[in-house]
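In: fold the following and give me the result.
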Amino acid sequence: MTSSGDSNDESYSKRKVAYVFSPEYIQTCDSLSKVPNRASMVHSLIEAYELLEHMNIVKPELATIEEMAKFHTDSYLEHLHKISQDGDNDDPQSADYGLGYDCPVVEGIFDYAAAVGGATLTAAQSLLDQKCDVAINWSGGWHHAKKDEASGFCYVNDAVLGILRLREKYERVLYVDVDLHHGDGVEDAFSFTSKVMTVSLHKFSPGFFPGTGDVCDTGLGKGRWYAVNVPLEDGIKDDRYYQIFCSVMQEVYAHFNPEAVVMQLGADTMAGDPMCSFNMTPVGVGKCLQYVLGWRLPTLLLGGGGYNLANTARCWTYLTAVVLGKSLSSEIPDHEFFTEYGPDYSLEISPSCRPDRNDLKHLDQVVSTIKGNLKNVV
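Out: Now for the predicted structure:
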């Protein structure tokens, strides 16, 4: 399976890539109940394809309470710390902080939050220190957490922390979210500022989590027009998605003129994900990533959703190869999790025969509304 782009291309050979990794970090992320061992599967496949030798491996630091408090409230962080020590699921206050149903309380959850937040801050710092052009934290991208509550499996909003760190140096930071779900926590965090533009392409339909992100949600106050939402229906495939992505991002780039980019690449858009919504493959998302990398701005790449674990590993391994300008063989190399890739043991993900529910006329209307809104960006 080749990643598009010639590996002799100058832009790849000069691209310095930092990859945030330590065995302890992977072990901590493996404990997340919604995606058990996913971090190990992703890392093992990247390693099996021998991609690690083309990247600078950076050991993540743990985020301090002070660092997490740049976004999250002290009371939320203190509560998370308190219940984390004893895995107390019965604390009556927990519900006020979004802890419980989809964000279960487990022992050590605070350490997990500090590890993920710290890894994204470490990646952002590598960009600030000009040690790399692209920094990758596939175990990050938890975009639903709010300042004072956990939400949608997200206990800490590492994406927001990463953006705030980049803002220490860069005046305008662009956040691009191609997860299946609306990046509501990140949009909320920056809804009142014109210094961060958030762009989210996601499934938007009645009853689908988190229920926000309609095309008319455009930010508030000084941040009005600086939130861009592209609501989509089930069944969208690579070509149409990429077409919409390019139409929107071309205008975003022209009007906002970002100095740095944070991109969340949740893999729950893939065909075969238990969410059963979009019908994408890594090739389509890879083209979107390549479009953004073409701007040659400092870029922080994060993971996110992805509940078919083997497909998520396929997707992020392929995207790592796209960043490096490397081609990968279709045959999954032998490694610790090899048996998870049966029955075909192939890197490709094939789209299913599900119908595309997106009406072309409606999509054109959405894009033209967005283009009209972006004319207000100064």
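In: which ones are touching the closest residue to residue 14 other than its chain neighbours?
Out: Excluding its sequence neighbours, the residue lying closest to residue 14 (C-beta to C-beta, 6 or more residues apart in numbering) is residue 133, at 8.0 Å. Glycine gets a C-beta too; all of them are placed from N, C-alpha and C. By C-beta atoms under 8 Å, 6 or more residues apart in numbering, the contact list for residue 133 reads 14-17, 127, 296, 298-299.
In: including distance to residue 345 and secondary structure, could these go into JSON lines?
Out: Converted to JSON lines, the contacts of residue 133 look like this (distance: C-beta to C-beta, whole Å; DSSP: H, G, I helix; E, B strand; the rest coil):
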{"residue": "14", "distance to residue 345": "34", "secondary structure": "coil"}
{"residue": "15", "distance to residue 345": "30", "secondary structure": "coil"}
{"residue": "16", "distance to residue 345": "32", "secondary structure": "coil"}
{"residue": "17", "distance to residue 345": "27", "secondary structure": "strand"}
{"residue": "127", "distance to residue 345": "36", "secondary structure": "helix"}
{"residue": "296", "distance to residue 345": "36", "secondary structure": "coil"}
{"residue": "298", "distance to residue 345": "37", "secondary structure": "coil"}
{"residue": "299", "distance to residue 345": "32", "secondary structure": "strand"}
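In: quick one: buried ones out of those residues?
Out: Neighbour counting with 16 or more other C-beta atoms under 10 Å marks 15, 17, 127, 298-299 as buried within the contacts of residue 133.
In: so which of those residues sits lowest on pLDDT?
Out: In terms of pLDDT, the lowest of the buried ones among the contacts of residue 133 is residue 15, showing 92.
In: correct me, but that residue touches residue 325?
Out: Yes: in this structure, residue 15 is within contact of residue 325 by C-beta atoms under 8 Å, at 7.3 Å.
In: helices of the stretch 101-250 of the chain, start to end?
Out: Applying DSSP state H, counting those that start in this stretch to the stretch 101-250 of the chain gives helices spanning 109-128, 158-166, 184-189, 238-256.
In: mind putting the ones you listed into JSON lines with distance to residue 150?
Out: As requested, the helices of the stretch 101-250 of the chain are exported to JSON lines (distance: least, C-beta to C-beta, whole Å):
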{"stretch": "helix 109-128", "distance to residue 150": "9"}
{"stretch": "helix 158-166", "distance to residue 150": "13"}
{"stretch": "helix 184-189", "distance to residue 150": "10"}
{"stretch": "helix 238-256", "distance to residue 150": "30"}
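In: which one of these is the most hemmed in?
Out: Most buried of the helices of the stretch 101-250 of the chain, by mean neighbour count (mean count of other C-beta atoms under 10 Å): helix 158-166, with a mean of 27.
In: need the contact list for residue 278.
Out: Contacts for residue 278 (C-beta under 8 Å, 6+ apart) come out as 180, 203, 232, 234-236, 241, 268-271.
In: list buried residues within the residues you listed.
Out: Of the members of the contacts of residue 278, the ones counted as buried by neighbours, 16+ other C-beta under 10 Å, are 180, 203, 232, 234-236, 241, 268-271.
In: tabulate those residues (JSON lines), appending distance to residue 286.
Out: Converted to JSON lines, these look like this (distance: C-beta to C-beta, whole Å):
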{"residue": "180", "distance to residue 286": "17"}
{"residue": "203", "distance to residue 286": "20"}
{"residue": "232", "distance to residue 286": "18"}
{"residue": "234", "distance to residue 286": "22"}
{"residue": "235", "distance to residue 286": "20"}
{"residue": "236", "distance to residue 286": "16"}
{"residue": "241", "distance to residue 286": "12"}
{"residue": "268", "distance to residue 286": "16"}
{"residue": "269", "distance to residue 286": "12"}
{"residue": "270", "distance to residue 286": "12"}
{"residue": "271", "distance to residue 286": "14"}
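In: ok, of those, which one's closest to residue 86?
Out: Nearest to residue 86 among the buried ones among the contacts of residue 278: residue 268, at 32.0 Å, using C-beta to C-beta.
In: quick check on the closest one: phi, psi?
Out: When read as degrees, to the nearest 10, the backbone of residue 268 gives phi -80, psi 0.
In: count of residues packed around the residue nearest to it when sequence neighbours are not counted?
Out: Sequence neighbours aside, residue 305 is the residue nearest to residue 268 in space, at 3.5 Å (criterion: C-beta to C-beta, 6+ apart). The local packing of residue 305 (other C-beta atoms under 10 Å) involves 26 other residues.
In: how about residue 82?
Out: Counted with other C-beta under 10 Å, the neighbours of residue 82 add up to 14.
In: picking that back up, okay if I get the buried ones among the contacts of residue 133 as CSV plus distance to residue 116?
Out: Below are those laid out as CSV (distance: C-beta to C-beta, whole Å):
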residue, distance to residue 116
15, 25
17, 20
127, 18
298, 21
299, 19
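In: out of the residues you listed, which one sits closest to residue 342?
Out: residue 17 (30.5 Å).
In: for that closest one, which residues make a bridge with it?
Out: Beta bridges link residue 17 to residue 134, judged by DSSP bridges.
In: surely it and residue 57 touch.
Out: No: the pair residue 17 / residue 57 is not scored as a contact, 10.0 Å apart, by C-beta under 8 Å.
In: report the central residue of this protein.
Out: Closest to where the C-alpha atoms of the chain average out (C-alpha atoms, centre = their mean) is residue 264, at 2.2 Å.
In: OK, contacts around it?
Out: Neighbours of residue 264 in contact, by C-beta under 8 Å, 6+ apart: 141, 143, 159, 175-179, 183, 186, 302-304.
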